[in-house]
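Q: Let's see this in three dimensions:
(chains A and B)
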Amino acid sequence: MSEIIQGPRHGCALGAQQTVVAIERAIPILHAGPGCGSKLHRGLSLAGGYQGAGYAGADAIPCTNMIEKDVVFGGTDKLRDVIEGTLKIMDGDFFVVLTGCTADIIGDDVGSIVSEFRELGVPIVHAETAGFKGDAYKGHELVLEAIIKQHLKPAAQIEKGLVNVFASVPRHDPFWEGDLNEIKKLLAGIGLKANILFGYNSGGIKALEAIPAAQFNLVVSPYIGLKIAELLEEKFQTPYLHYPILPVGGIETSNFLRTIAEFAGTLSEQTEKFVAQQEEEFYHYIVRAADVLTEYRLNQPKRFYNINDASYALGFSKFLVNELGYFPIHQFINEDVPEEYKDTIEGYFKELSPEISSDITFTQDGGAIEDKIRSIKALTAPLVLASSWEFDIAKEISGLHLSVGLPIIDRLILHHTYVGYKGGLNLVEDIYSRLLSKNRE
Amino acid sequence: MSINLSQPAVELRESRLKTITGYEGDAAELLSKNDIPNRERSFTQCGSCSADQVMNLLTQIQDAAVVEHGPAGCAGDIPMRNGVFRTGNKRMGYNVKYLNTNLDEKDTIYGGGAKLEKAIREAKRRFNPKAIFVTTTCASAIIGDDVPGICNELEEEFGIPVIATLCEGFRTNIWATGFDSANHSILRKIVKPARQKQPDLINVISFEHKFLYESVFRQLGLRTNHIVPLSTVEELERISEAAATVQYCETLGSYLAAGLEEHFGVLEIKAPAPFGIKASDELLREIGRVFHKEEEVEKVIISEKEKIAEDLERLRGRLTGKTAYIAAGGPLAYSIIALVKDLGMEVVGTSVWHHDQKYDNDDERLNFLRFGVETYGNFKVGVCNKQAFEVTNAINKYKPDIAITRHLATVWAAKLGVPSIFAGNEPTEMLYDGLIRFGQSIDDAISNPAYIKNVAKHSKLPYTDWWLKQGTYSFLRSEQNV
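A: Down below sits the predicted model:
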């Protein structure tokens, strides 16, 4: 039995609409109930640092708005009408039909409707993303899988240096757009061209169609995107590199870049110089922060909780332990992690550093998180890297709270990132600005 | 008209109020008929569902818990609902008391009853609430879990109301029905017969703000019960003790106000919502009549008007002749017209989400559309069920000086280079000083549209040029009552 949820965060599989909205000039088409699209937009985009509607998101998303007679008689005719209307009204290059609970339970044959349009040459695919199938990370993988299986064709030629990046999940992870663009810049520094697929200047349908031409796929997450890389290997024989740790700060980012350069075969004096220079700049600022970071009177947090998805919780834990000298108390992984990955993820937290490890709990239930935190006696006021659900529990334990995971309703996030050298500095600035404003205001 | 509280499910707006969601025409025609058939669309964009509006009210009650029986995505509205709750609830410092049963694929096959029972027990344990509302979703309704049965059993065991609120999204095309479902539950299971009537107490049906009308009511010596958001279960139990109820939006308050009158003897104030000067006068005079404070009301009206006279003169000087397009829920859009007209502006068109052809309390004084037409003249109306493509098309056609929208992303108007203000769920635009606040917002938006111009210059709408040239309502079907 899946657990009940207090403090909902990661939506449902139909959250795949967010992935589609993040593809430039792509249009999602929902075959779902009337409220699904709006709720998921608010839960994932609006409550994720006020990301806005995007090109064709929020209330611009075409939807069949299934009502009772559709449940009784089926909704495929309605879907056909809405697709036809979409092709006239919406100005898009690529269309993705996504089904919700209602359509999947009653068993509408969406595939055959969509193939009517494909046969006419419309660039359209479909994915079954009923909410009961899992969270929006699951939906993200389902929609990518559909695009790969239904739309992509083998490349005439592999483009050396081209890398598909599967990292922060678009319009779901609040910092996705800044993260992906930071990774793009970093990879450029080691001679690689990143195909980030989503967000500003990512290329839309052309970027999707270039996926099979990549030299390799890069998965930057403990597990999200792994299935996609495996599928691409199977279908197009593209090799992949799985780098499980979202790189934050000097040590991890340098390791990240060297690992990739080695895998790609671009490791050279020039790439080494780029890494060394970036790292040096990072530590220039870290050194400058020393006065504040060693100040006794500020009641510095030296211990931390992460309440986040597996990727950010791990990336932040590594950073706090290895760059800032913090101690983990307990970490909470709050998305619907498939059973098969849980042991591996636990293993990553066992080796945050050679000496330091952290226990973790997988739970989507905010109530269980709060109960656990209340049961722990913290030695000093902890840092709580969490979501806006945790304002109160953080206050209860006199913790320093920063919203860095969905939902974030107390920050406007545009291009902010916690990835790379820049991301590490951003995290330091954000944590200590919060500490200072709390103490000095 | 009668409010039937015997069943867990509320009677839908489609049948109760003959509500329509597709129409093109004008206010005068809408007024002259009450049997206009609905027109459906052959193309639609994401709407909203009644479960969403149920949460708009029930999650905002201070000490009640809500258990939503559905997949986790149905909780997508909850993080922002919590934001609204915390904003309105600043000093309390706690989150909404909400649990989701997180239905998965197995539950859709074997049923989710056991999980629901577990969740309700957890809600009781975690939140120690004074009442638990259990709401349904498309998935839980289609698989057929017996929600009322489970609620009744636990209600007996817990000794607090455990209320099945049936609001699955597919049941109705009119999401405002969600407000009715929530209010139906409150009327059915929370409100108790009055122990003692309180002649100076007035119920104010509104959202998460407590200042609405307050200064004026204080001057009249009236105490206010702001309902439903931010009230407590105990306060809701006793709303039957008020002498009267006032509401400003049929979409939100019609059912509750009429139900309180019919089943608990609380009079509904029969007057237009206090948008603009004339409506404010009429509402206050009606309140004066009901509470026997006619003289006090006249004094208040004079002094409130004196307070705003100078600002109103200034704003009229700046705004006269400017044009506005209004896109909002039915009665509220009609009310906003009063503001715009009082400021000297022209209304070039309106999009309303739905149109109720009857009212729960069948009294012409509550017909906000009639008040608008009779006071300010006829205007164009499109009933568009919150369809952004129609609203964007219309704004593009009219190119108004300002677009006033609710519920819809304002970015679409901005992309057209049209200054836009989002008139949210905090109706600070009511009564005399509200007119000034609203007018100042409009003037500020129009007077330096730099941001809007930047947005327009650097963005593109997701619509084809073809669509922007078509008739706004060209995807409305001609078939009737399909």
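
Q: farthest residue from the center of the chain?
A: No chain was given, so I picked chain A. In chain A, the greatest distance from the average C-alpha position (Cα atoms, centre = their mean) is reached by A:Phe73, at 37.6 Å.

Q: meant chain B actually
A: Counting by Cα atoms, centre = their mean, the extreme residue of chain B relative to its mean C-alpha position is B:Tyr110, 36.9 Å from that point.

Q: Can you list phi and psi of that residue for me?
A: phi -100, psi 0 (degrees, to the nearest 10).

Q: Please name the residues that touch the residue of the stretch 51-200 of chain B found nearest chain A.
A: Here the stretch 51-200 of chain B gets closest to chain A at one residue, B:Gly73, 2.6 Å apart by Cβ to the nearest Cβ. No exception for glycine: its C-beta is placed from N, CA and C like everyone else's. When contacts are counted by Cβ atoms under 8 Å, 6 or more residues apart in numbering or on different chains, B:Gly73 is found next to A:Gly11, A:Cys12, A:Ala13, A:Leu14, A:Gly15, A:Cys36, A:Lys39, A:Leu40, A:Gly43, A:Gly131, A:Ala136.

Q: And the average pLDDT for stretch B:14-22 is what?
A: Taken as a whole, stretch B:14-22 carries a mean pLDDT of 94.

Q: what's in contact with that stretch?
A: If you take Cβ under 8 Å, 6+ apart as the criterion, stretch B:14-22 is touched by B:13, B:34-41, B:172-174, B:176, B:180, B:254, B:353-360, B:383-385, B:473, B:476-477.

Q: where's B:Gly253 relative to B:Cys49, distance?
A: Between B:Gly253 and B:Cys49 the distance, using Cβ to Cβ, to the nearest Å, works out to 20 Å.

Q: Tell me which of those two has more neighbours.
A: Residue environment comparison for B:Gly253 versus B:Cys49 gives the larger neighbour count to B:Cys49, 30 against 26, counting by other Cβ atoms under 10 Å in any protein chain shown.

Q: Can you give me the neighbour number for the closest residue to the more buried one other than its chain neighbours?
A: For B:Cys49, ignoring the flanking residues on the chain, the nearest one in space by Cβ to Cβ, 6 or more residues apart in numbering or on different chains is A:Gly35 at 2.6 Å. Applying the criterion other Cβ under 10 Å, we find 31 residues in the vicinity of A:Gly35.

Q: ok, A:Gly35 - contacts?
A: With contacts defined as Cβ under 8 Å, 6+ apart, A:Gly35 is in contact with B:Gly47, B:Ser48, B:Cys49, B:Ser50, B:Ala51, B:Asp52, B:Cys74, B:Gly169, B:Trp175.

Q: gap between the third one and A:Pro338?
A: So the one you mean is B:Cys49. With distances taken as Cβ to Cβ, B:Cys49 is found 29 Å from A:Pro338.

Q: For B:Thr87, which non-adjacent residue is closest in space?
A: Taking Cβ to Cβ, 6+ apart, and ignoring the residues beside it in sequence, B:Thr87 has B:Glu208 as its nearest neighbour in space, at 7.0 Å.

Q: quick one: the one you found and B:Val84 touch, right?
A: Yes: judged on Cβ atoms under 8 Å, B:Glu208 makes contact with B:Val84 at a distance of 5.6 Å.

Q: near chain A, which residues of the stretch 301-450 of chain B?
A: Those residues of the stretch 301-450 of chain B that sit near chain A, judged by Cβ under 8 Å from any Cβ of the partner chain, are B:Lys386, B:Ala388, B:Phe389, B:Leu408, B:Ala409, B:Val411, B:Trp412.

Q: Among those residues, name the ones in helices.
A: Among those, the members found in helices (DSSP state H) are B:Ala388, B:Phe389, B:Val411, B:Trp412.

Q: The residues you listed into a markdown table, with extra columns for pLDDT?
A: As requested, these are arranged in a markdown table below (pLDDT from 0 to 100):
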| residue | pLDDT |
| --- | --- |
| B:Ala388 | 96 |
| B:Phe389 | 97 |
| B:Val411 | 90 |
| B:Trp412 | 93 |
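
Q: Going by distance to A:Gln331, which of those residues wins?
A: Ranking these by separation from A:Gln331, with Cβ to Cβ as the measure, puts B:Val411 on top at 36.9 Å.

Q: Which residues are in contact with the closest one?
A: For B:Val411, the contact set (Cβ under 8 Å, 6+ apart) comprises A:Gly52, A:Ala53, B:Val455.

Q: neighbour-wise, which of those leads?
A: Neighbour count (other Cβ under 10 Å) singles out A:Ala53 as the most crowded of those, with 22 neighbours.

Q: Surely that residue is within a strand?
A: No: assessed by DSSP: H, G, I helix; E, B strand; the rest coil, A:Ala53 does not belong to a strand; its assignment is coil.

Q: Report how many residues lie close to the residue nearest to it when sequence neighbours are not counted.
A: Across the structure, with Cβ to Cβ, 6+ apart as the measure, the residue nearest A:Ala53 apart from its sequence neighbours is B:Ala409 (4.7 Å). Applying other Cβ under 10 Å, we find 23 other residues in the vicinity of B:Ala409.

Q: OK, contacts around B:Ala409?
A: Residues in contact with B:Ala409 (Cβ under 8 Å, 6+ apart) are A:Gly52, A:Ala53, A:Ala58, A:Asp59, A:Ala60, B:Ala388.

Q: swap in A:Asp70?
A: Residues touching A:Asp70, when contacts are defined by Cβ under 8 Å, 6+ apart, comprise A:Thr64, A:Lys78, A:Thr102, A:Ile106, B:Phe170.

Q: Correct me if wrong, but the second one is in a helix.
A: What that stands for is A:Lys78. Yes: secondary structure assignment places A:Lys78 in a helix (three-state DSSP).

Q: In contact with it: list those residues for me.
A: By Cβ under 8 Å, 6+ apart, the contact set of A:Lys78 is A:Thr64, A:Met66, A:Asp70.

Q: Keep only those of those residues that are in strands.
A: Under the assignment DSSP state E, the contacts of A:Lys78 contribute nothing to strands.

Q: any idea which of those is the one closest to chain B?
A: Distances from chain B to the contacts of A:Lys78, taken as Cβ to the nearest Cβ, are shortest for A:Met66 (5.7 Å).

Q: okay, the closest one: pLDDT?
A: Value listed for A:Met66 in the pLDDT field: 97.

Q: What does it show for phi and psi?
A: Note on A:Met66: backbone dihedrals following degrees, to the nearest 10 are phi -60, psi 130.

Q: Give me the neighbour count for it.
A: Using other Cβ under 10 Å, the number of residues around A:Met66 comes to 28.

Q: Can you give me the distance of it to A:Lys273?
A: 58 Å.

Q: now the strands: where do they sit in the stretch 151-300 of chain A?
A: Counting by DSSP state E, counting those that start in this stretch, the stretch 151-300 of chain A forms strands over residues A:159-166, A:193-195, A:214-220, A:240-243, given from the N-terminal end onward.

Q: so of the ones you listed, which one's packed in deepest?
A: Stretch with highest mean neighbour count among the strands of the stretch 151-300 of chain A: strand A:214-220 (a mean of 23; mean count of other Cβ atoms under 10 Å in any protein chain shown).

Q: just the CA coordinates of it, formatted as PDB?
A: Taking C-alpha atoms only, strand A:214-220 is exported to PDB below (Å, rounded to 0.1, in the frame of the first residue of the first chain):
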ATOM      1  CA  ALA A 214      24.800  12.300 -29.400                       C
ATOM      2  CA  GLN A 215      28.200  10.800 -28.700                       C
ATOM      3  CA  PHE A 216      26.900   9.800 -25.300                       C
ATOM      4  CA  ASN A 217      24.200  10.400 -22.700                       C
ATOM      5  CA  LEU A 218      24.900  12.000 -19.300                       C
ATOM      6  CA  VAL A 219      22.600  11.100 -16.400                       C
ATOM      7  CA  VAL A 220      23.200  13.400 -13.400                       C
END
